[in-house]
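Enquirer: Dropping the sequence and predicted coords here.
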Amino acid sequence: MGFNLRNAILSNIKGSSEQEVEATIADAISRGEEKMLPGLGVMFEVYWQHANEEQKEHLCEEISKGLQ
């Protein structure tokens with residue numbers, strides 16, 4: 001049986017407050033370590049699954065602007 005990284009990350013961040021989530025994101029970005037990318041990806045996936053179409057569109061617009 002293989003290790004499920006997504007489930008391990010979800011288990012580690014489950015129940016996090018808004019402030020804890022923000023601190024985790026800020027810390028991951030400030031460190032710039034590639035090992036933090038899977039965690040950010042899982043948080044992005046959680047957001048995407050719960051966002052409505054307008055939120056998704058806005059997020060994609062903002063990311064696209066940042067990539068210019």
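Expert: Cool, got the structure.
Enquirer: since we're on residue 13, how many residues are nearby?
Expert: 15 (other CB atoms under 10 Å). For glycine as for every other residue, the C-beta is placed from the backbone atoms N, C-alpha and C.
Enquirer: same thing with the one 3 residues further on?
Expert: Residue neighbour count, defined by other CB under 10 Å, stands at 13 for residue 16.
Enquirer: Once you drop chain neighbours, what's closest to it?
Expert: Using CB to CB, 6 or more residues apart in numbering and skipping the chain neighbours, the partner closest in space to residue 16 is residue 24 (7.0 Å).
Enquirer: Same question for residue 38.
Expert: Using CB to CB, 6+ apart, the closest residue to residue 38 is residue 5 (5.7 Å).
Enquirer: What of residue 40?
Expert: Using CB to CB, 6+ apart, the closest residue to residue 40 is residue 28 (5.5 Å).
Enquirer: element containing the residue nearest the centre of the chain, please.
Expert: Centroid-nearest residue in the chain: residue 43, 2.6 Å away (criterion: CA atoms, centre = their mean). Using DSSP states H and E, the element containing residue 43 is helix 37-50.
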